[in-house]
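K.L.:
Following is a predicted model, sequence given first.
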Amino acid sequence: MVPAGVRRLDARGFGLVELAVVLSLLGILALLAAPTMLGLWRDATLRAAAEELAGAVGHGRLLAISLNAAVCVSVAGGVVRFGQARGASCSGGELGAPGAQPIRLAGAARVSGAAVVFTHLGAATPAGSYAVTDPASGRGHRVVVAVSGRVSVQ
């Protein structure tokens, strides 16, 4: 049985004025939230670019260990390249090994930093860092390569 109070409710629905008020409030909230959401999206994109670069540099370390040879990791124009190394410097020659193809980084973040050479044991000589910056906002992250070969994002 349906209670008497429920039967007396008007079942016509919402009027045009109520719908207009709700839609205008939702529009205002969307306008207020848009800049914050864009900022969060840019920060997440920049962090992802730094993580992607860290993974590519770590791949160079793994190549050095697996090939039992020194490997030079350099970044230019959004492309990570793996090359031959002599001592603590890059010799300039491409590394002709499986898995040593250049890695193109996704996104529009700018990357700068000097080449890092990994020894056959995975240590970096010299240690270094790469700066990953967003061209629109100027914010950035650093990908740090420690002497031990550990690659981290800061």
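P.N.:
Ah, there it is. Numbering: from 1, shown residues only.
K.L.:
quick one: contacts for residue 140?
P.N.:
46, 131-134 (CB atoms under 8 Å, 6 or more residues apart in numbering). For glycine as for every other residue, the C-beta is placed from the backbone atoms N, C-alpha and C.
K.L.:
redo that, cut-off 6 Å
P.N.:
131-133 (CB atoms under 6 Å, 6 or more residues apart in numbering).
K.L.:
Give me the contacts around stretch 42-52.
P.N.:
105, 107, 109, 132, 134, 141, 143, 153.
K.L.:
Show me which of those residues has the smallest pLDDT value.
P.N.:
Within the contacts of stretch 42-52, the minimum per-residue pLDDT falls on residue 107 (81).
K.L.:
Nearest residue to it in space, please, no chain neighbours.
P.N.:
residue 49 (4.7 Å; CB to CB, 6 or more residues apart in numbering).
K.L.:
quick one: the residue positioned nearest the centre of the chain from residue 55, how far?
P.N.:
With distances taken as CA atoms, centre = their mean, the residue of the chain nearest its centroid is residue 48 (1.5 Å). Residue 48 is 10 Å from residue 55, where distance means CB to CB, to the nearest Å.
K.L.:
May I ask which helix or strand of the chain has the lowest mean pLDDT?
P.N.:
helix 4-7 (a mean of 60; mean pLDDT, DSSP states H and E).
K.L.:
C-terminal to it, what's the next element?
P.N.:
helix 16-67 (DSSP states H and E).
K.L.:
how big is the angle separating whatever helix or strand comes next after that next one from helix 16-67?
P.N.:
Sequence-wise, the next helix or strand downstream of helix 16-67 (DSSP H and E) is strand 71-76. When axes from the mean of the first three to the mean of the last three CA atoms, to 10 degrees is applied, the directions of strand 71-76 and helix 16-67 differ by 150 degrees.
K.L.:
any idea which helix or strand comes after strand 71-76?
P.N.:
strand 79-86.
K.L.:
Direction included, what does that following strand pair up with?
P.N.:
In the sheet, strand 79-86 lines up against strand 71-76 (antiparallel), strand 89-94 (antiparallel), strand 103-104 (antiparallel) (DSSP bridges).
K.L.:
ok, of those strands, where does mean pLDDT dip lowest?
P.N.:
strand 89-94 - the lowest mean pLDDT of the strands paired with strand 79-86, at a mean of 80.
K.L.:
Nothing else from me, thank you.
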